[in-house]
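> Predicted model and sequence follow; I will ask about them next.
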Amino acid sequence: MTSMLQEFNAESALLAERVQRSLVRVESGRWGAGAGTIWHSEGLILTNSHVARSRRLRVSLPDGRRAAARLLARSRDLDLAALTVQLNDLPTIELGDSATLQPGHWVMAFGHPWGVQGAATAGVVIGQGGQLPESPEFGRDWLAVGLHYRPGHSGGPLVDFSGRLVGINTVMVGPDVGLAVPVHEIKRFLKHSLQRAAA
């Protein structure tokens with residue numbers, strides 16, 4: 001049993017190290033700061049709409065670099081925002097398949113809760129989409145997870161047991177119940193937003 005726990009701990013630490021490379025801090029002036037996830041190596045970053053509220057956004061990377069960010073697209077309904085920075089060769093996160101997640105599957109959320117940089121917290125999937133009860137909070141295609149989001153988790157990555165992105169941390173709706181925007185909704189948001197921007 002001890003060796004199994006040691007192996008699990010070592011694998012979790014390696015997973016966290018990989019994910020943290022694509023985790024950024026998004027500074028939004030007087031609105032405070034949240035997290036973001038590098039989606040594309042040429043400077044495309046995903047975060048929550050409620051994180052990107054300032055007209056003067058700045059992004060801090062794990063390697064110490066800082067850059068001004070421009071708001072590329074926003075959806076208040078999905079609470080998503082796409083930012084762009086003038087940096088390239090950024091470390092991206094591998095994408096997972098949120099639709100395959102089942103209640104009980106292990107997940108890990110990353111962010112900067114209460115200013116703790118690159119923090120990780122783990123929990124399990126509670127349900128998603130049609131598995132969730134009808135209510136104002138569950139009225140969208142959310143991914144509900146049994147873990148405790150804190151201020152600073154917003155906009156950070158939610159990953160599966162392989163470290164692949166399955167959602168963007170968004171909001172708490174109860175004790176140890178958090179909601180994330182699933183990755184298939186993020187893809188749809190980006191496709192429609194970038195098409196409009198190019199038109």
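Happy to help now that I have it. Residues are numbered from 1 along each chain as shown.

> Contact partners for the closest residue in space to Gly155 that isn't next to it in sequence?
Spatial nearest neighbour of Gly155, excluding adjacent residues (CB to CB, 6 or more residues apart in numbering): Thr47 at 3.4 Å. Heads up, the C-betas are built off the backbone N, CA and C, glycines and all. Shown in contact with Thr47 (CB atoms under 8 Å, 6 or more residues apart in numbering): Val26, Gly34, Ala35, Gly36, Thr37, Leu80, Ala81, Leu83, Ser154, Gly155, Ile168.

> Can you flag which of the residues you listed belong to strands?
Among the contacts of Thr47, DSSP state E puts Val26, Gly34, Ala35, Gly36, Thr37, Leu80, Ala81, Leu83, Ile168 in strands.

> low-confidence ranges in the protein?
1, 130-139, 197-199 (pLDDT under 70).

> Now with 50, please.
Applying pLDDT under 50 to the chain flags no residue at all.

> longest helix anywhere in it?
The longest helix of the chain (DSSP state H) is helix 2-20.

> name the helices or strands packed onto that one?
strand 106-111, strand 119-128, strand 157-159 (3 or more CB pairs under 8 Å, 6 or more residues apart in numbering; DSSP states H and E).

> what lines up beside the longest one in the sheet?
The one in question is strand 119-128. Partners of strand 119-128 in the sheet, by DSSP bridges, are strand 106-111 (antiparallel), strand 143-146 (antiparallel).

> Give me the residues contacting stretch 178-193.
39, 46, 72-73, 75, 78-80, 82, 95-99, 109, 123, 128-129, 137-138, 141-149, 153, 158, 165-173.

> re earlier: in a markdown table, list the helices and strands packed on helix 2-20 along with mean neighbour count and distance to Ile186.
Converted to a markdown table, those look like this (neighbours: other CB atoms under 10 Å; distance: least, CB to CB, whole Å):
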| stretch | mean neighbour count | distance to Ile186 |
| --- | --- | --- |
| strand 106-111 | 23 | 15 |
| strand 119-128 | 19 | 14 |
| strand 157-159 | 30 | 11 |
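
> Save these as CSV, and put in distance to Ser12 too.
Formatted as CSV, those follow (distance: least, CB to CB, whole Å):
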stretch, distance to Ser12
strand 106-111, 8
strand 119-128, 8
strand 157-159, 11
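
> Please identify which of those strands is closest to Arg53.
With CB to CB as the criterion, Arg53 lies closest to strand 106-111 of the helices and strands packed on helix 2-20, at 16.8 Å.

> returning to that earlier point: which of the contacts of Thr47 lies closest to Gln195?
Leu80 (15.3 Å).

> Name the member of the ones in strands among the contacts of Thr47 with the most neighbours.
Within those, most neighbours by other CB atoms under 10 Å means Gly36, with 33 neighbours.

> circling back: I'd like the strands paired with strand 119-128 written out as CSV, with distance to Arg55 added.
Shown next, in CSV, are the strands paired with strand 119-128 (distance: least, CB to CB, whole Å):
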stretch, distance to Arg55
strand 106-111, 23
strand 143-146, 30
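
> between these, which gets nearest to Ala68?
strand 106-111 (21.3 Å).

> Between helix 2-20 and the closest one, find me the angle.
Interaxial angle, strand 106-111 versus helix 2-20 (axes from the mean of the first three to the mean of the last three CA atoms, to 10 degrees): 40 degrees.
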